[in-house]
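Visitor: predicted model, plus sequence, below.
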Amino acid sequence: MSTDTSTWGEIQGQTITFPMVVPDLDAATLMFTVPLAAAQRLLPGSDFEVIDIGGESAQLVIALVDYIDNPWGDYLEINLGFLARPAGAPDDVVGSFIYRMPVDQEFTCEAGNKVMGFPKTVEDLSRTEAGGRTTFAMAVDGEIELSVSFPTVDGSGERAPVESISYSYLDGRPFATPLTLDLGTAVIDPADVAITLGSGVVADELRSLGLPKAPDMVAWGTGLSGTFLEGRPLTP
């Protein structure tokens, strides 16, 4: 990846520059096999297609992230997305399309919306450690809409840097943001993961995909890092 420095502009008086290096984050990554048609219905527009991983199935990725040191704030984030590619692109093109990205701070919400086209919204998010378990949750009006809990394990081991592309819409145009993020290498038994869905749009969308159910895979890491490069439109 190129690391030439560029300045995007300002958000709330803060200069936005790329590459944007995130020095410290904790993250759990959960992967689920879900129906392809149900996944495609959750993508806006027709410029991107969910990847068929076989048998008319798609891969849902839920990332639970605690940004401890980030130029855009020390915030919590929940990513809900699918492996995807631009419509009609070759099979070897693989990225992700995040269709929901709740965060718990205003600045990162505005910056994510305006700079990358990420579908960030400000929500009531929490991370708690109790009874030997780590829980990430989103509440609406004081009621839990989504909760993901797993055993607290040591996530400070080796990390696996993964280069990817995150697709989105910016100002109505298909957009791509290259990034490298560490994937934690601490593996959690999927049977030990507890997912709770309450009421609300996000819960209903996940139910349409067949959740709650055990994930196919869960990885956890602490002290991870990442780098976001400046994105680009995919159409003139």
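Guide: Here it is on my side, so go on.

Visitor: now the spatially most central residue of the chain. Nearest residue, chain neighbours left out?
Guide: With distances taken as CA atoms, centre = their mean, the residue of the chain nearest its centroid is residue 79 (2.8 Å). Leaving aside its sequence neighbours, residue 79 sits nearest to residue 63 (CB to CB, 6 or more residues apart in numbering; 4.0 Å). From N, CA and C alone the C-beta is placed, and that goes for glycine too.

Visitor: okay, now the sheet partners of the top strand by length along the chain, with direction.
Guide: Criterion DSSP state E: the longest strand present in the chain is strand 20-35. In the sheet, strand 20-35 lines up against strand 57-69 (antiparallel), strand 217-228 (antiparallel) (DSSP bridges).

Visitor: what about those strands, which gets the closest to residue 146?
Guide: Among these, the nearest to residue 146 by CB to CB is strand 57-69 (9.0 Å).

Visitor: buried residues in that closest one?
Guide: 57, 58, 59, 60, 61, 62, 63, 64, 65, 66, 67 (16 or more other CB atoms under 10 Å).

Visitor: same check, this time on stretch 154-169
Guide: 155, 159, 165, 166, 167, 168, 169.

Visitor: the lengthiest helix in the chain packs against which elements?
Guide: If you go by DSSP state H, the chain has its longest helix at helix 201-208. Applying 3 or more CB pairs under 8 Å, 6 or more residues apart in numbering; DSSP states H and E, we find helix 201-208 packed against strand 76-86, strand 95-103, strand 143-151, strand 194-197.

Visitor: JSON lines for those, including mean pLDDT and distance to residue 119?
Guide: Below are the helices and strands packed on helix 201-208 laid out as JSON lines (pLDDT from 0 to 100; distance: least, CB to CB, whole Å):
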{"stretch": "strand 76-86", "mean pLDDT": "98", "distance to residue 119": "9"}
{"stretch": "strand 95-103", "mean pLDDT": "98", "distance to residue 119": "5"}
{"stretch": "strand 143-151", "mean pLDDT": "98", "distance to residue 119": "16"}
{"stretch": "strand 194-197", "mean pLDDT": "98", "distance to residue 119": "20"}
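
Visitor: contacts for the following helix or strand past the longest strand of the chain, please.
Guide: Once the chain leaves strand 20-35, the next helix or strand it forms, by DSSP states H and E, is helix 36-40. Identification of contacts with helix 36-40 by CB atoms under 8 Å, 6 or more residues apart in numbering yields 49, 50, 52, 56, 57, 58, 60, 82, 208, 209, 210.

Visitor: pretty sure residue 123 is touching residue 137, no?
Guide: No: at 10.1 Å, residue 123 does not count as touching residue 137 under the criterion of CB atoms under 8 Å.
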